[in-house]
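Chemist: take this sequence and fold it.
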Amino acid sequence: MAMLGFLGAVAFFAYRTEHLWLAVLVLGVPMGAACLFQPRVGVYAYGFWQAWDSAVKFGGSSTAPAWITVGKMLAIVVVLSGALHAWSSPVRVSAARAPFRWLLALCMVAAVSTLWSYAPLSSALFAGQMFLQLALAWVVVTLVASDCAHLKRLMFWTVLGAFSASAFVLLFGMNQRVYLRATLGEQANPVSVAAALVTGLSCTPVLWSLASSRLTKLMLIPPGLTILFAIFATGTRAAVAAIGAGFLVAGVFSKGRDIRSRLAVLAVSGFLVMGGTMIALGTGILSEQSESRLRNMLMLPTRGWDPNAGLPHARRSEIWLMSLDAYVRTNLIGTGLGATPIANEQLVGRYKDVHSSPVASLTELGPLGFLAFAALHVSLLLGICRLRRPGLQGAGLVVLIGFFLVGCAHTTYTTKWFWLPITFLLAMIELDARESSDRDALEGQPV
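Modeler: Numbering: from 1, shown residues only. Reported below is the predicted structural model:
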């Protein structure tokens, strides 16, 4: 991994000097070779890179935005190399079978939606992306859920990637000319960056629960706070709400610990989140727009830039009602996967995305898509409730609520920032079931 990190730095330098394909070859060839011999290397690299993925895009033109990312290419490498090793993997999906079935159903409805889509080509590309993520989830679970050490390494590299990206955001990404909010670069949407950082931060309690050393747990606090500050800096209010709500629900409803321990965890996490919020607002480290958006969400007096001034189109309720109006005009069939903007323009006269995964699952995929989407989340919640490892249930709730609330305000269900947290949950469910089965078998043996 150290060698790959060095090659990654060389590739990044080549990319910044506009030698794009040199950067791809410098990092891609060794990574592909490493994955052939040990596909878990690619899994760990994918977890690390997910926080950086929106910073490097290519494949665009003067009329179309860039859409190819390193993460997409790495996902293909991991799937192909993982499939070659799958026959020898000791893990077969069992405990997470229900969520996998609903994920497959969601993908199938998404693919069929190209038949009635207002943008068939875009729908087909998004559907292919979803099937790729489904295959990636299966490969990751089969490779990682066999041993707690594998899952810990995946969580470690994911947190480390989010930490490094957060440090870059705070040091170099605070003043962006395009978005006026902190991000990883001029072409990196701060919402995408925030969603990736939420994924990384939600892995922190998972790693905390898996770690046995108190020193290791204490060492997670500085990276966690750094990622939290970077989320604030992006000015993405859904991401801030996702983290706050995730830790709150985990502290209140998680089982496996006594009430005093849960209250202590809730108090500490609440102190860190609220303390970090007050520090971010009080020190003036945020950009004017990011600080105003955060103050507006917390119902505090805003200073300078008003997030609502002249931007009535930014109100989510109006966007959702408009999209539902367009959906009704499709005779409840749906607009097709990812085709909401074009359908809204043709049906109600306004080009605008739906900005919500739950709403989009209905307006784009119809009743069957919404059913699969809802059933998926219910099955994940049930799987989390059945976790027996101490602390893992609360950590799972943080992951679930984190990506769900971000998706409530942004359309993420075709992206890795929806699929990767689900993959983590599937791996946690499988690992816990495997450990519980082994433990029960040992307890049942005669002495």
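
Chemist: quick check: Leu380 vs Ala241, distance?
Modeler: Here Leu380 is placed at a distance of 19 Å from Ala241 (C-beta to C-beta, to the nearest Å). To be clear about C-beta, it is placed using only N, CA and C from the backbone, and glycine gets the same treatment.

Chemist: so those two - more neighbours on which side?
Modeler: Leu380 (24 against 18; other C-beta atoms under 10 Å).

Chemist: so what's that one up against?
Modeler: By C-beta atoms under 8 Å, 6 or more residues apart in numbering, Leu380 lies in contact with 99, 400, 422, 425.

Chemist: residues contacting the first one?
Modeler: Contact criterion C-beta under 8 Å, 6+ apart gives 376, 379-380, 383, 422, 425-426, 429 as the residues in contact with Pro99.

Chemist: quick one, strands of this protein?
Modeler: Assigned by DSSP state E, the chain shows strands spanning 57-58, 68-69.

Chemist: any chance of those in TSV, with mean neighbour count too?
Modeler: Shown next, in TSV, are these (neighbours: other C-beta atoms under 10 Å):
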stretch	mean neighbour count
strand 57-58	16
strand 68-69	16
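
Chemist: now these as JSON lines including mean pLDDT?
Modeler: Shown next, in JSON lines, are those (pLDDT from 0 to 100):
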{"stretch": "strand 57-58", "mean pLDDT": "75"}
{"stretch": "strand 68-69", "mean pLDDT": "81"}
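
Chemist: now those as a markdown table including distance to Met274?
Modeler: Below are those laid out as a markdown table (distance: least, C-beta to C-beta, whole Å):
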| stretch | distance to Met274 |
| --- | --- |
| strand 57-58 | 35 |
| strand 68-69 | 34 |
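
Chemist: could you list the buried residues of the biggest helix by length in the chain?
Modeler: Ranked by residue count under DSSP state H, the longest helix found in the chain is helix 416-444. By 16 or more other C-beta atoms under 10 Å, the buried positions in helix 416-444 come out as 416-435.

Chemist: isn't Phe58 up against Met73?
Modeler: No. Using C-beta atoms under 8 Å, Phe58 is not in contact with Met73, being 10.2 Å away.

Chemist: which residue packs closest to Ala245, ignoring adjacent ones?
Modeler: Leaving aside its sequence neighbours, Ala245 sits nearest to Ile401 (C-beta to C-beta, 6 or more residues apart in numbering; 5.4 Å).

Chemist: what's the distance between that neighbour and Ala119?
Modeler: From Ile401 to Ala119 the distance is 31 Å (C-beta to C-beta).

Chemist: who has more neighbours out of these two?
Modeler: Counted by other C-beta under 10 Å, Ile401 and Ala119 do not tie: Ile401 has more neighbours, with 24 against 19.

Chemist: so what pLDDT did Ala66 get?
Modeler: Confidence at Ala66, expressed as pLDDT, is 67.

Chemist: Pro367 is nearest to which of the strands of the chain?
Modeler: With C-beta to C-beta as the measure, strand 68-69 is the member of those nearest Pro367 (32.4 Å).

Chemist: need the contact list for Glu345.
Modeler: Glu345 makes contact with 351-352, according to C-beta under 8 Å, 6+ apart.

Chemist: got the contacts of Leu380 as JSON lines, with distance to Leu25 and pLDDT columns?
Modeler: JSON lines is the format used below for those (distance: C-beta to C-beta, whole Å; pLDDT from 0 to 100):
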{"residue": "Pro99", "distance to Leu25": "37", "pLDDT": "96"}
{"residue": "Leu400", "distance to Leu25": "39", "pLDDT": "96"}
{"residue": "Ile422", "distance to Leu25": "32", "pLDDT": "97"}
{"residue": "Leu425", "distance to Leu25": "35", "pLDDT": "97"}
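
Chemist: what sits closest to Gly338 if chain neighbours are left out?
Modeler: Closest residue to Gly338 apart from its sequence neighbours, by C-beta to C-beta, 6+ apart: Phe126 at 4.2 Å.

Chemist: next, count neighbours for Val93.
Modeler: 17.

Chemist: same question for the one 10 residues further on.
Modeler: Around Leu103 there are 26 other residues, counting by other C-beta under 10 Å.

Chemist: check whether it really touches Ala137, as I assumed.
Modeler: Yes. Judged on C-beta under 8 Å, Leu103 makes contact with Ala137 at a distance of 7.0 Å.

Chemist: now do the shared contacts for these two.
Modeler: Common neighbours of Leu103 and Ala137 (C-beta under 8 Å, 6+ apart) are Ile422.

Chemist: identify the residues contacting Leu426.
Modeler: If a contact means C-beta under 8 Å, 6+ apart, then Leu426 has 93, 96, 99-100, 137, 140-141, 145, 383 as its contacts.

Chemist: in the residues you listed, find the pair that's most separated.
Modeler: Largest separation among the contacts of Leu426 by C-beta to C-beta: Val140 and Gly383, giving 15.8 Å.
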